[in-house]
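Q: structure here, sequence nowhere to be found:
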């Protein structure tokens with residue numbers, strides 16, 4: 001899985017990927033972030049030379065988890081909730097349906113700050129779009 005969370009919007013985007021190659025991860029970043037945006041990642045070599053963005057990385061292996069505004073804590077929090085949900089709700093989990101699990105948990109996360117009426121409205125709109 002690869003994911004991102006907008007700092008200003010709080011919106012989460014996640015995608016199932018087979019490999020975390022440079023090409024795969026760069027395509028994902030290009031899809032969810034606007035050109036020139038601040039992009040914070042871990043220190044994976046797949047993110048090196050990320051062009052078109054203001055890129056900063058934190059090095060977890062050296063004990064660095066944040067440096068000023070630079071952190072990956074938002075998406076890591078989502079990942080922890082996703083893992084707990086998959087373990088507690090979706091077992092046995094099917095890799096074949098991983099994209100569906102990701103859509104559900106992204107949707108839950110993206111609706112969390114709305115009141116109940118707004119959440120129901122968004123769910124109804126989503127159902128209508130799926131028809």
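A: Arrived safely, thanks for sending. What you are looking at is a predicted structure, and each value in this text was computed from that prediction instead of being measured.
Q: so for residue 101, what's the nearest residue that isn't a sequence neighbour?
A: In space, and not counting its chain neighbours, residue 101 is closest to residue 90: 5.7 Å by C-beta to C-beta, 6 or more residues apart in numbering. Where C-beta positions appear, they are placed from N, C-alpha and C, glycine not excepted.
Q: that neighbour: how many residues sit nearby?
A: 16 (other C-beta atoms under 10 Å).
Q: is it true that it touches residue 102?
A: No: using C-beta atoms under 8 Å, residue 90 is not in contact with residue 102; the gap is 10.8 Å.
Q: give the residue spans of the chain that score low on pLDDT.
A: Per-residue confidence for the chain (pLDDT under 70) gives these ranges: 129-131.
Q: one more time with 90, if that's ok
A: In the predicted model, the chain carries pLDDT under 90 at residues 1, 8, 18-19, 48-50, 83-98, 101, 104, 112, 119, 122-131.
Q: what lies in contact with the helix or strand encompassing residue 40?
A: Assigned by DSSP states H and E, residue 40 belongs to strand 38-42. Outside strand 38-42, the residues that touch it by C-beta atoms under 8 Å, 6 or more residues apart in numbering are 7, 29, 33, 47, 50, 53-60, 69-72.
Q: can we see that at 10 Å?
A: 2, 4-5, 7, 25, 29, 32-33, 47-48, 50, 52-61, 64-67, 69-76 (C-beta atoms under 10 Å, 6 or more residues apart in numbering).
Q: and for stretch 84-99?
A: By C-beta under 10 Å, 6+ apart, the residues outside stretch 84-99 that reach it are 1, 14-18, 82, 100-105, 108.
Q: quick check on these: which are buried?
A: Among the contacts of stretch 84-99, those buried by neighbour count (16 or more other C-beta atoms under 10 Å) are 14-15, 82, 101-102, 105.
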